[in-house]
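K.L.:
predicted model and sequence below, questions to follow.
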Protein chains: 2
Amino acid sequence: VTSELFAKQSGERWDLQNAAVRLEGGADRADDAAWFRVTGDLELVFASDYVRGTEFLLFELGVLNYYDVGFYLAAANISDMAAMGAKPIALTSVIRYPRTLSDSEFAEILRGIRDCCSLHGCKNVGGDIGTAERVILSASAIGMTRPGHTLTRSGARPGDVVLLSAPTGVALAAMIYFDGKSKYGWKLEQRHEDHLSAAWKRVSPETKLGAFLSEKKLATSCQDTSDGLRATVEQIETASMVSLRIDMDRVPVAESVQAVASLADLPVMDIVFGGSVDFRLLFTVPQPDVRLIPSPATVIGYVESSPASGEVLPGSTWKHQIDPLAGYRRSLGAAHAEA
Amino acid sequence: VTSELFAKQSGERWDLQNAAVRLEGGADRADDAAWFRVTGDLELVFASDYVRGTEFLLFELGVLNYYDVGFYLAAANISDMAAMGAKPIALTSVIRYPRTLSDSEFAEILRGIRDCCSLHGCKNVGGDIGTAERVILSASAIGMTRPGHTLTRSGARPGDVVLLSAPTGVALAAMIYFDGKSKYGWKLEQRHEDHLSAAWKRVSPETKLGAFLSEKKLATSCQDTSDGLRATVEQIETASMVSLRIDMDRVPVAESVQAVASLADLPVMDIVFGGSVDFRLLFTVPQPDVRLIPSPATVIGYVESSPASGEVLPGSTWKHQIDPLAGYRRSLGAAHAEA
């Protein structure tokens, strides 16, 4: 399985204006590492992300399968490239599994990784495969940008406009919904359910938007919302030493998220700003350039000089808790006990 | 702790003949990824390794502490760079931990990673830190070589000489010894015990030798022995489509390994060739260039054309078992029961 999936990748080439990267080997010929010929002048981006994979509520509930967790692993890592404005080049994956995992389940994980990589022009060039007491999934990605074009969190300036690439809160709403569905028999329309599950099954990192913002040098700061929208706002504020003033009326809310908020009797903005791993981009752009930004990205505020306005955004920040729903679950449990 | 450890790294620069890499940011300024300016013409090497860390016999026995497992994590990844002849540049680390891990234990893991990186001119540029049900340690490394100078497993030619950088079997002997010490009260001289534990506590990847072999274009094939010596021989044979003829009388045996073999009543060559994760280099060199190879690397055989000689090397190949000592333990248990 692995040799088939990693085969015939050498020779793949990525180009930028004055630079090129070519995969030389290591992926289809088992070496200690993959290697690339790099020529010209470029910036190289490098990041790693671990994902919970099978030790995760939505996998345990059957919403996600092995293919989906592989797809998610690749997407989470590719999103870091998108957030930096980089063209994804290659991914290494660490897949450790218990002896109880079947060959076909293992192959499904690998196919999910490969398919997500393919969608973003990225190659899965190997990594570390072996046994462990449980499934452990981690990966790293490298990507390339033009010199001086890498997007960071630290360049937002007073007067810039704050944009969000797409609605947030969908991933957290999915967790709340499918948990409630299994426990209390909740049932939303199929289109809402599909929208919610897609936030985990088919994560779509914003590689096109990130590359566009980088290529045109439009964004003064950029970050993905993998820590939740509130945390992302706060992290750009800290890195750029500014204050982001969010206009709550302009923050987009997905229909499915509104439906879950009603069902769970939660303030919808707590979900939209909460610890929702949506992999959208929050970025700032100088006022005159806003017209150049393609939809569905939408203006949600503007940048003010520090100190912060003192207003507190809704949602609790995502601390990578073992159970990000603990708070919600307590209140849901209490509500249910009262009912 | 993390901000202190990652601080002030930007600006670090690595040079090769016609190329340079400079760390621009992302390590000390929290971004979604670290990024580097790359100029010139070079080959980039990229690999990932997971390590068992605290879910490992020698940690459970108290031979390894948190600092040591951090050090080991970095060393295992840097060894992949050494095996490819690459100068290590940067490491990203994934550190997931249970809530029971104290801040000081967490800091010890990070310090171990940083200290090992420092010894090899590598920077720890971030990664993924968060909670999990248990300690999970994984990392990735990037490194650089000159174009056409990356070392692979596939270039060994008939007539080449086979060399080993240092004795193998020490890591496996350490597992056998400390297991026996805890179970049966085994006790070797302190110098042997120190030598054995150092194979896990202070892994020393062969970055200098790897860079030398790459720079001078001396090695026709190269691989680290992280799968054990027998597996490494077999993998170079397969990749190069040749046969490596090993002269057993010339294979170096460490005193400590001989001592453990006697204590455990095991054939010493089963340990030397077995699933011992020693991170030494096995490499092939054209006959006339052998005089250029610095000690302690030593000739242990020569390359013949395929098909293989049919001789079977001692030691079982390392399959990344959950318990690599299972076989030994059964025989030790049986021997003990008989005694």
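P.N.:
Sure, I can see it.
K.L.:
make it CA atoms for all contacts and neighbour counts henceforth
P.N.:
Fine.
K.L.:
can you check the pLDDT for the residue nearest the centre of chain A?
P.N.:
The centroid of chain A falls nearest to A:Phe279 when counting by Cα atoms, centre = their mean (2.9 Å). A:Phe279 carries a pLDDT score of 97 in this model.
K.L.:
in contact with it, which residues?
P.N.:
By Cα atoms under 8 Å, 6 or more residues apart in numbering or on different chains, A:Phe279 lies in contact with A:76, A:79, A:203-206, A:224-226.
K.L.:
assign it to helix, strand or coil.
P.N.:
Under DSSP: H, G, I helix; E, B strand; the rest coil, the three-state class of A:Phe279 is coil.
K.L.:
where's the residue in the stretch 51-200 of chain A positioned nearest to chain B relative to B:Val251, distance?
P.N.:
Closest to chain B within the stretch 51-200 of chain A is A:Gly127: 5.0 Å, counting by Cα to the nearest Cα. As judged by Cα to Cα, to the nearest Å, A:Gly127 and B:Val251 stand 30 Å apart.
K.L.:
more neighbours: the two, which one.
P.N.:
Taking neighbours as other Cα atoms under 10 Å in any protein chain shown, A:Gly127 and B:Val251 compare with A:Gly127 leading, 24 against 20.
K.L.:
who does that one bridge with?
P.N.:
A:Ser93 (DSSP bridges).
K.L.:
could you pull up the residues touching it?
P.N.:
A:Gly127 neighbours (Cα under 8 Å, 6+ apart): A:33, A:92-94, A:139, B:47-49.
K.L.:
same question for A:Gly40.
P.N.:
A:18-20, B:38-41.
K.L.:
buried members of the residues you listed into ChimeraX, please.
P.N.:
To isolate the buried members of the contacts of A:Gly40 in ChimeraX, using 16 or more other Cα atoms under 10 Å in any protein chain shown:
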select /A:19,20 /B:38,39,40,41
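K.L.:
list the ones among the contacts of A:Gly40 that fall in helices.
P.N.:
Counting by DSSP state H, none of the members of the contacts of A:Gly40 fall within helices.
K.L.:
buried ones in stretch A:258-275?
P.N.:
Of the residues in stretch A:258-275, those buried by neighbour count under the rule 16+ other Cα under 10 Å are A:258-261, A:264, A:268-275.
K.L.:
go on, stretch A:294-302?
P.N.:
For stretch A:294-302, a neighbour-count test (16+ other Cα under 10 Å) marks A:297-302 as buried.
K.L.:
okay if I get those residues as CSV plus pLDDT?
P.N.:
Output for the buried residues of stretch A:294-302, formatted as CSV (pLDDT from 0 to 100):
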residue, pLDDT
A:Ala297, 98
A:Thr298, 98
A:Val299, 98
A:Ile300, 98
A:Gly301, 98
A:Tyr302, 97
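K.L.:
ok, those vs chain B, which is closest?
P.N.:
Looking across those and measuring by Cα to the nearest Cα, the closest to chain B is A:Ala297, at 19.9 Å.
K.L.:
what about the helices in chain A?
P.N.:
Using DSSP H, the helices of chain A run over A:2-6, A:57-60, A:66-83, A:103-119, A:170-184, A:190-201, A:207-215, A:229-240, A:255-264, A:268-273, A:326-338.
K.L.:
quick one: the longest one to helix A:103-119, angle?
P.N.:
Between helix A:66-83 and helix A:103-119, the angle comes out at 30 degrees (axes from the mean of the first three to the mean of the last three Cα atoms, to 10 degrees).
K.L.:
elements contacting helix A:66-83?
P.N.:
Helix A:66-83 is packed against strand A:34-51, strand A:87-97, helix A:103-119, strand A:136-145, helix A:190-201, helix A:207-215, strand A:221-224, with contacts defined by 3 or more Cα pairs under 8 Å, 6 or more residues apart in numbering or on different chains; DSSP states H and E.
K.L.:
tabulate the ones you listed (a markdown table), appending mean pLDDT.
P.N.:
Shown next, in a markdown table, are the helices and strands packed on helix A:66-83 (pLDDT from 0 to 100):
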| stretch | mean pLDDT |
| --- | --- |
| strand A:34-51 | 94 |
| strand A:87-97 | 95 |
| helix A:103-119 | 96 |
| strand A:136-145 | 96 |
| helix A:190-201 | 98 |
| helix A:207-215 | 97 |
| strand A:221-224 | 96 |
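K.L.:
so which of the ones you listed is nearest B:Arg111?
P.N.:
B:Arg111 lies closest, by Cα to Cα, to one member of these: strand A:34-51, at 19.0 Å.
K.L.:
ok, the residue of the stretch 51-200 of chain A closest to chain B to B:Leu16 distance?
P.N.:
Distance, A:Gly127 to B:Leu16, using Cα to Cα: 26 Å.
K.L.:
do the same with A:Asp80
P.N.:
28 Å.
K.L.:
equivalent analysis for A:Gly130, please.
P.N.:
Distance from A:Gly130 to B:Leu16, counting by Cα to Cα: 35 Å.
K.L.:
likewise for A:Ile136?
P.N.:
A:Ile136 is 36 Å from B:Leu16, by Cα to Cα.
K.L.:
ok, those two, which is more surrounded?
P.N.:
Neighbour count, other Cα under 10 Å: between A:Ile136 and B:Leu16, A:Ile136 has more, with 23 against 15.
K.L.:
give me every residue that touches the more buried one.
P.N.:
A:Ile136 is in contact with A:52-53, A:94-97, counting by Cα under 8 Å, 6+ apart.
K.L.:
give me the subset of those that also touch chain B.
P.N.:
Contacts with chain B within these, counted by Cα under 8 Å from any Cα of the partner chain: A:Val94.
K.L.:
apart from its neighbours in sequence, what residue is nearest A:Leu244?
P.N.:
Of all residues not flanking A:Leu244 in the chain, A:Val303 sits nearest, at 4.6 Å (Cα to Cα, 6 or more residues apart in numbering or on different chains).
K.L.:
residues near that neighbour, how many?
P.N.:
Using other Cα under 10 Å, the number of residues around A:Val303 comes to 21.
K.L.:
what parts of the stretch 151-300 of chain A come near chain B?
P.N.:
For the stretch 151-300 of chain A, the residues in contact with chain B (Cα under 8 Å from any Cα) are A:152-153, A:223-224, A:239.
K.L.:
in a markdown table: these, plus distance to B:Val170.
P.N.:
Output for those, formatted as a markdown table (distance: Cα to Cα, whole Å):
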| residue | distance to B:Val170 |
| --- | --- |
| A:Thr152 | 46 |
| A:Arg153 | 47 |
| A:Gln223 | 46 |
| A:Asp224 | 46 |
| A:Ala239 | 47 |
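K.L.:
quick one: low-confidence parts of chain A?
P.N.:
Scanning chain A for pLDDT under 70 picks out A:1-8, A:27-30, A:307-311, A:316-339.
K.L.:
change it to 50
P.N.:
Filtered on pLDDT under 50, chain A yields the residue ranges A:318-339.
K.L.:
ok, now which ones touch A:Pro314?
P.N.:
Here A:Pro314 is in contact with A:230, A:269-270, A:273-274 (criterion: Cα under 8 Å, 6+ apart).
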